[in-house]
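# coords below, sequence missing:
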RNA sequence: GUGGCUAUGGUGAAGCGGUCAACACUUACGACUGUGACUCGUACAUACGAGGGUUCGAAUCCCUCUAGCCACCCCA
């Protein structure tokens, strides 16, 4: 039996990689337009980084990390998300000292030991962005408009933006106990999971999909009614900025986050087209994270999107480039000439194809058609002799005669 | 970690105990020894996820394992 890939780790084959390029290029374009720069961080970090940032009691840290001890005895982990590494780098290189406002984006593989299913894999890919150093809700709004801008850029309007505020360490505990008090009276109708969550993560009950739980939480107190003055004001401004920028959104006061470091604004870009994985992108504000990791007390906000999930939403169209010209050759001498021409053209930015193995003219033309070449040209003894050839436009069959020089061909193809 | 479903060639798939494992696509070559798309012809699974078993005989029945998918959990 031949060796196969590890469960949940996928190959991105040529037919699909063009779609990935399309997504990645759009993200870079949009993010840089908003002043963000790429940061590249290792895929491996000391395990402690994730325990301290994501939270010891979260599912990710408790049971989903790929952790091991390396040969030097260091406890390392394949990153399950990107924010922790980026913040670690920010602190380590004191990026905040050069510019109090850091705007960074990253992309690459993440690893989580989960049972694979639609839109969820063990090695998956995220594109994320982080902005640190700004308390003002304008930062939140900027991150959100950029995220929405990205989805517009790639031509997707189905995903909807949902926002919420989770409060801060000052007001969240109070809300949490208010919620628990409310739910205590209804433990009979809550599902088993939710009864368990009552202690571990009561906010999560609001997001349960079991009909009984949805019913029993109908009149539950909303976080938004229990925000402290500061958080309420902040959230109000975020909403105002979204309205000013004409960014469509809805408030979902039941949205919760799986990572511990979020404060105040949280958001998700959701879709109903991905089976049970509704979140295409998600993020929020993390004002305490940087100091928690040993850095200065500066705020931050960011998001990550799942590339696989975005790719799933994109139509099955082909994003790969089509050849500009296919050169069919009749013999060995002609192949020599075509080969020289092909390299000259490629060097000047033209996508040219030719046959490599002396196939029949018919096969060569079939291949030109299959590759979707815009033009084809047949090069034989007569063409070499005269230095001119007939170029055929493949979509309508029309022809045009032109000299066989890289310079002239480039003009013709333009 | 739990549950359900499925496993036939490069792909999508017929086949439901008995001649050489349909058909379609893809690929290769050809139908005028210099021109594609349509059409036509020819070729392409010592093989039915792996290993056992039942049977005169199994891709077809039984068992085990493995893998994939989807869902739960959780999440991007």
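That came through fine. Given the structure is predicted, the values throughout are model-derived calculations rather than measurements.

# pLDDT weak spots in chain A?
A:1, A:316-317 (pLDDT under 70).

# at 50 instead, please
Within chain A, no stretch has pLDDT under 50.

# show me it divided up by domain.
Under the assignment automatic domain parsing, the domains of chain A span A:14-171+A:227-313, A:325-413.

# now the terminal residues of the first one, how far apart.
So the one you mean is domain A:14-171+A:227-313. End-to-end distance of domain A:14-171+A:227-313 (CA to CA, to the nearest Å): 18 Å.

# out of the domains of chain A, indicate the one that is most buried.
Comparing these by mean neighbour count (mean count of other CB atoms under 10 Å), domain A:14-171+A:227-313 comes out on top with a mean of 18. For glycine as for every other residue, the C-beta is placed from the backbone atoms N, C-alpha and C.

# spell out which parts of the stretch 151-300 of chain A neighbour RNA strand B.
A:193, A:197, A:201, A:204, A:208-210, A:256-259, A:268, A:275-282 (CB under 7 Å from any atom of the strand).

# for RNA strand B, what is the nearest residue in chain A?
Per CB to the nearest atom of the strand, residue A:258 is where chain A lies closest to RNA strand B, at 1.8 Å.

# contacting residues around that residue?
Applying CB atoms under 8 Å, 6 or more residues apart in numbering to residue A:258 gives the contacts A:58-60.

# same list, these, but only the ones touching RNA strand B.
Within these, those near RNA strand B by CB under 7 Å from any atom of the strand are A:58-60.

# what segments of the stretch 251-400 of chain A are strands?
A:263-270, A:279-285, A:300-306, A:325-329, A:352-354, A:375-379, A:388-393, A:399-403 (DSSP state E, counting those that start in this stretch).

# a markdown table for those, including distance to residue A:234?
Shown next, in a markdown table, are these (distance: least, CB to CB, whole Å):
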| stretch | distance to residue A:234 |
| --- | --- |
| strand A:263-270 | 6 |
| strand A:279-285 | 9 |
| strand A:300-306 | 11 |
| strand A:325-329 | 58 |
| strand A:352-354 | 57 |
| strand A:375-379 | 58 |
| strand A:388-393 | 59 |
| strand A:399-403 | 64 |
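
# those: which one's closest to residue A:142?
strand A:300-306 (8.8 Å; CB to CB).

# which strands and helices lie in contact with that closest one?
Applying 3 or more CB pairs under 8 Å, 6 or more residues apart in numbering; DSSP states H and E, we find strand A:300-306 packed against helix A:83-92, strand A:123-132, helix A:137-153, strand A:263-270, strand A:279-285.

# can you give me how far that strand is from the chain middle?
9 Å (CA atoms, centre = their mean, to the nearest Å).

# strands paired with it, and their directions?
strand A:123-132 (antiparallel), strand A:279-285 (antiparallel) (DSSP bridges).

# tell me which residues are up against the last one.
So that's strand A:279-285. A:128, A:140, A:143, A:147, A:159, A:166, A:257, A:262-271, A:274, A:299-306, A:309-310, A:313.

# returning to that earlier point: inside helices: which ones of the residues of the stretch 151-300 of chain A next to RNA strand B?
Secondary structure from DSSP state H places A:193, A:197 of these in helices.

# where is the longest helix in chain A?
Chain A, longest helix under DSSP H: helix A:14-33.

# that helix vs helix A:137-153, what angle?
Interaxial angle, helix A:14-33 versus helix A:137-153 (axes from the mean of the first three to the mean of the last three CA atoms, to 10 degrees): 150 degrees.

# next helix or strand past helix A:14-33?
Note on helix A:14-33: by DSSP states H and E, the next helix or strand toward the C-terminus is strand A:37-38.

# other SSEs contacting that next one?
Checking 3+ CB pairs under 8 Å, 6+ apart, strand A:37-38 ends up next to strand A:102-111.

# what does the strand it packs on contact?
For strand A:102-111, the external contacting residues (CB under 8 Å, 6+ apart) are A:24, A:27-28, A:31, A:34-41, A:43, A:65-66, A:78-82, A:85-86, A:90, A:95-96, A:122-133, A:307.

# from the chain's centre, how far out does that strand sit?
9 Å.

# before we move on, what about stretch A:70-90?
20 Å.

# does RNA strand B have contacts with it?
Yes - using CB under 7 Å from any atom of the strand, we find that stretch A:70-90 touches RNA strand B at residue A:81.

# endpoints of stretch A:204-212, how far apart?
Start to finish, the residues bounding stretch A:204-212 are 15 Å apart (CA to CA).

# quick one, what contacts residue A:53?
Contacts for residue A:53 (CB under 8 Å, 6+ apart) come out as A:83-84, A:87, A:259, A:261, A:289, A:292-293.

# next SSE downstream of the helix or strand hosting it?
According to DSSP H and E, residue A:53 maps onto helix A:47-54. With elements assigned by DSSP H and E, the helix or strand that comes after helix A:47-54 is helix A:59.

# spit out the contact partners of the nearest residue to residue A:153 once chain neighbours are set aside.
Nearest non-adjacent residue to residue A:153, counting by CB to CB, 6 or more residues apart in numbering: residue A:26, 4.7 Å away. Residue A:26 makes contact with A:150, A:153-154, according to CB under 8 Å, 6+ apart.

# rerun at 10 Å
Residues near residue A:26 by CB atoms under 10 Å, 6 or more residues apart in numbering: A:127, A:149-155, A:310.

# could you do residue A:221 as well?
Counting by CB under 10 Å, 6+ apart, residue A:221 has contacts A:175, A:178-179, A:181-183, A:206, A:253.
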